[in-house]
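> model this:
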Amino acid sequence: MPVIHEFDPPERFVVGTVGEPGQRTFFIQARSGPRMVSVALEKQQVAALAERVDELLDQVLDDGSSRELVPAVAPHDLDDQAPLEQPIEEEFRAGTMTLSWDPGTSRVVIEVFPITDEVVVGEDGDDEDELEIEAYEEPEPQEVLLVRITPGAARAFALRAGRVVEAGRPSCPFCGGPIDPSGHLCVRANGYRRRDA
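Here you go, the predicted structure:
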């Protein structure tokens, strides 16, 4: 039975980073009262989650089936720009994430599962004459972060997540690669070092 870190709803649910651009570690952090969970994840996961949250809310807004108001943009009073809360203790590193809409409560549901390298191998077939087939299954996760948030809080989460992703190293206008403070070797400029202007 997995340990479920459930927040329904959290007092705070944000994405943030630790470290300098180019060396940042991304975290999702959920808190209710004294209970806080921080989960590490990749920049691409943050960007994808923010995009999918906005897409999901746009879809719910378009179909008009929500009993609760679904804002088209993040409400100003929910815009959280404070840093991550300390101490940051990584509960686990995010692997698979799921996103859904609960029409019964008009909430966005986000589940974050830990990354795993384990694979459970099972055998199919009970007749000795049959060819044995190995079936690969994902093992049951040991932990899960489960968060249920209002549409307004979800829009604010996506807005902050987008800002956090964009706050990293600037992109080279020619090759799209990240530019470090010392510059970078641009493949489109035949190896000449480009600097951020």
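> now do the host helix or strand of residue 44: distance to the chain's middle.
Here residue 44 is covered by helix 43-63, with elements defined by DSSP states H and E. Computed by CA atoms, centre = their mean, to the nearest Å, the chain-centroid distance of helix 43-63 equals 11 Å.
> after it, next one along is what?
strand 90-102.
> flag every buried residue along that following strand.
Of the residues in strand 90-102, 91-92, 94, 97, 99, 101 count as buried by neighbour count, 16 or more other CB atoms under 10 Å. Bear in mind the C-beta positions are built from the backbone N, C-alpha and C, glycine included.
> residues contacting the next helix or strand after that strand, please?
Downstream of strand 90-102, the first helix or strand assigned by DSSP H and E is strand 107-114. Residues outside strand 107-114 that contact it (CB atoms under 8 Å, 6 or more residues apart in numbering) are 8-9, 28, 39, 41, 49, 53, 56-57, 92-102, 141-151, 153-154.
> swap in stretch 70-80?
Residues contacting stretch 70-80 (CB under 8 Å, 6+ apart): 12, 14, 57, 60-61, 151-153, 155-156, 158-160.
> what about that stretch, start to end distance?
18 Å (CA to CA, to the nearest Å).
> excluding its backbone neighbours, what's nearest residue 178?
Among residues not flanking residue 178 along the chain, residue 169 sits closest, at 4.0 Å (CB to CB, 6 or more residues apart in numbering).
> in what helix or strand does the one you found lie?
Assigned by DSSP H and E, residue 169 falls within no helix or strand.
> look up how far residue 17 lies from the residue positioned nearest the centre of the chain.
Closest residue to the average C-alpha location of the chain: residue 46 at 4.0 Å, with CA atoms, centre = their mean. In this view, residue 46 and residue 17 are 9 Å apart by CB to CB, to the nearest Å.
> let's verify the closest residue to residue 174 other than its chain neighbours: helix, strand, or coil?
Excluding its sequence neighbours, the residue lying closest to residue 174 (CB to CB, 6+ apart) is residue 188, at 4.1 Å. Following DSSP: H, G, I helix; E, B strand; the rest coil, the label given to residue 188 is helix.
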